[in-house]
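Engineer: what follows is a predicted protein model with its sequence.
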Amino acid sequence: MGKFPRYFTIWQKLGLSGVKLTAYLVLLFLMAPILVIIPLSFNAEPYFTFTEGMLALDPSAYSMKWYEEILADQKWILAIKNSFYIGLMATLIATVLGTTAAIGLTSGQMPFQRMIMALLLSPMIVPLIITAAGMFFFYTQLDIAGSYMGVILAHAALGTPFVVITVNAALAGFDYSLVRASLGMGAKPVYTFFKVIMPLIRPGVISGALFAFVTSFDEVIVVLFLAGPEQRTIPRQMFSGLREEINPTILAVATLLVIISGLLLLTMEYLRARGEKMRAGDVD
Amino acid sequence: MSNPELTQDEIRQADRNIRRRKWLAIMFVAPLLLFIFVTFVAPIGTMLYRSFYHPTVAELIPDTLTQLDEWSEESGDLPPPAALNAFAVELQALAAERLSGKLAEEVNRGYPGASSLIKSTARAVRRVDLAELQSSGGQLVLDANKKWSDVNVWRAMKKSGSVFKDDFYLTALDLERSPQGEIIQRDTQIYLDLYWKSLKIAFYITVLTAIIGFPLAWYLANAPSRIANTLMIFVLLPFWTSLLVRTTAWIALLQTNGVVNSILMSLHITDEPLEMLYTQFATVIAMTHILMPFMILPLYSVMKGIDPSYFRAALSLGAKPIPAFIRIYMPMTIPGLSAGALLVFIISIGYYITPALVGGTDGQMISNIIAFHMQSSNNWELAAALGSLLLLLITLLYWLYDRLVGISNLKLG
């Protein structure tokens, strides 16, 4: 776009400019709420709003104290540790199981492929409140409610659909005769997996793992139902903070989470670019 | 199909190969399938089971219920003395273990008033000698309160003792059983209204994301790729940002002294701060923001594949831009629009966190009442019944999505 073609009438130019303006306004709507919390997290006062001093850019109206408060609060430290521990364990399980399943599903040999696919993706579709209630009933019977094991298994189940989807996409152009060639020339199946299949689908596996991690890292409802006080995660801590006493510590945590999401997004975009290159065939 | 160029042996060999590859595929899928069955399908199954299986009363007063089995409730007579005695004995045992309140609560659902009746009688029989209860406890119970002479109490007790019941579904659909056993509508509609409200909220959100997302998706699909890729980051960053963070942001924006009110007041659009947080409006606007990427991404990928020459051809053949846009371009975006709309609708109908935090009482959805019955009122069976109905709705929508879009075509990011 940029410059309009010369044959455009003034109305067409105006119309297109209008659409462009609308598009930028929508982007503002998407980004503004997230950007607003960053300066608010440096508020010297215990409010969720901009003070007069902040608007006047008075340095004394800003402070780092909410960030210091996170580090001083044992509950937040535990929540941060829990989020990473549960997230990493769940991601590990989801990635291993999801990747192998995706390889079986795309091989074209799987009976009831469509039905199984729908079943495997359903944890993503079923409302979390239903999943959480069901898990609460069932995991209590298994005696793993209120334990790390329970939360990790639950989060792994919620993460697998994302791994299946991304690895499936990575395998879309995969030529299975490569596997047959490798096996035919005497390579062991495990060797074939790591040396033939894996290098070609690695971007898909990693982005699936990232999705699985974010799913766990961001999940509250299952944690609300399944976790004891020992297993409280960051979002769980934020949830009770927002319900009970709202103070800017939550905004400081939120700002840190925005930075983490930004890093994840950059990794994701890098992987996508690499995956596209790989499918085009020009990769080292 | 027989192939004349292959020998029988070769055909058998090929068959064996196909079978082996099929088994190999199954071996790859099996671990995840098993895992999902144990960690996800079995829990959902347990919930479905809980929605009609309810052994609480049967576990509390087993002997009384066995005795009541022999009593014909249509006769209009009180249950036989043996049943009443058994009840007195069991009530004393429950009172000693502080479980009589639980029984009271259960029977009260079938006979309003039974709660205080059972509790007071439990106190009356607590210190009576066991031998006396075994021989004449029934009379003691009848003397404790004259309501015990009402046959309907015993009918309610017998009914609450059955292990499988549809009561919770009736409640979830705002129905009840009349004393004559017919299914009738309740005077006040609670849950149907809530389902209807959830559907309405989900519909508003779907329409809003479509209206707001369409121009942006179009611009992203038609802008030079360098600009489009940069702008795409601004769509994806919110998508990757924690749900709690985005909900927190809306609390900061919408509260009484929040950013939006400050802006409105400094522009003199309003003199008093508007009450926006803890309303249905807050639920709709925050969820629209949160679910926007699910609309924009499928729309974008469909629009990206639309050949611009169709639109240009329509224009050069003399069509006016707006009719050409509506009749030529829009129909081609329907696959993306329907995929996005179904996805947004499916996700929003079962949403819990955002309505719980910004919705107040007016902006609550069906998930919130399920959580309420799970956590506060401890009516797990009703929560399970409400959840099962929601699950049915979601399954229908999921099936529709699979039909129209194909679940394997779901793309992320």
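Structural biologist: The structure has been received and is ready for your questions. Numbering: from 1, shown residues only, chains lettered A, B, ... in the order given.
Engineer: now do the phi/psi pair for whichever residue of the stretch 51-200 of chain A sits closest to chain B.
Structural biologist: Proximity to chain B, evaluated over the stretch 51-200 of chain A using Cβ to the nearest Cβ, is greatest for residue A:127 at 2.4 Å. (Each C-beta comes from the backbone N, C-alpha and C, glycine too.) Here is the backbone geometry of residue A:127 (degrees, to the nearest 10): phi -50, psi 140.
Engineer: can you check the pLDDT for it?
Structural biologist: Per-residue pLDDT puts residue A:127 at 96.
Engineer: quick check: closest non-adjacent residue to it.
Structural biologist: Distances taken as Cβ to Cβ, 6 or more residues apart in numbering or on different chains place residue B:350 nearest to residue A:127, at 2.4 Å, with adjacent residues excluded.
Engineer: can you check residue B:189 too?
Structural biologist: residue B:174 (4.9 Å).
Engineer: for residue B:185, the count of nearby residues, please.
Structural biologist: Residue neighbour count, defined by other Cβ atoms under 10 Å in any protein chain shown, stands at 11 for residue B:185.
Engineer: contact partners for it?
Structural biologist: Residue B:185 sits next to B:174-176 when contact means Cβ atoms under 8 Å, 6 or more residues apart in numbering or on different chains.
Engineer: just give me the least confident of those.
Structural biologist: Among the contacts of residue B:185, pLDDT bottoms out at residue B:176, giving 84.
Engineer: can you name the residues bridging to it?
Structural biologist: residue B:184 (DSSP bridges).
Engineer: what's the helix or strand for residue 169?
Structural biologist: Just going to use chain A. Using DSSP states H and E, residue A:169 falls within helix A:148-171.
Engineer: wait, chain B
Structural biologist: helix B:167-172.
Engineer: could you give me the average pLDDT of that helix?
Structural biologist: 89.
Engineer: send me that helix as CSV with only the CA atoms.
Structural biologist: In CSV, the C-alpha atoms belonging to helix B:167-172 read as follows (Å, rounded to 0.1, in the frame of the first residue of the first chain):
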residue,chain,number,x,y,z
ASP,B,167,-32.7,-34.5,40.5
PHE,B,168,-29.5,-32.5,39.7
TYR,B,169,-30.3,-32.3,36.1
LEU,B,170,-33.8,-31.2,36.9
THR,B,171,-32.4,-28.5,39.1
ALA,B,172,-29.8,-27.5,36.5
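Engineer: is any part of stretch B:220-232 close to chain A?
Structural biologist: Yes. Judged by Cβ under 8 Å from any Cβ of the partner chain, stretch B:220-232 and chain A are in contact via B:220, B:222-224, B:231.
Engineer: buried subset of these?
Structural biologist: When the residues of stretch B:220-232 next to chain A are checked for burial by 16 or more other Cβ atoms under 10 Å in any protein chain shown, the buried set is B:220, B:222-223, B:231.
Engineer: of these, closest to residue B:242?
Structural biologist: Among those, residue B:231 lies closest to residue B:242 (Cβ to Cβ), at 22.0 Å.
Engineer: buried sites along the helix or strand hosting that closest one?
Structural biologist: Assigned by DSSP H and E, residue B:231 belongs to helix B:225-240. Buried residues in helix B:225-240, counted by 16+ other Cβ under 10 Å: B:228, B:231-232, B:234-240.
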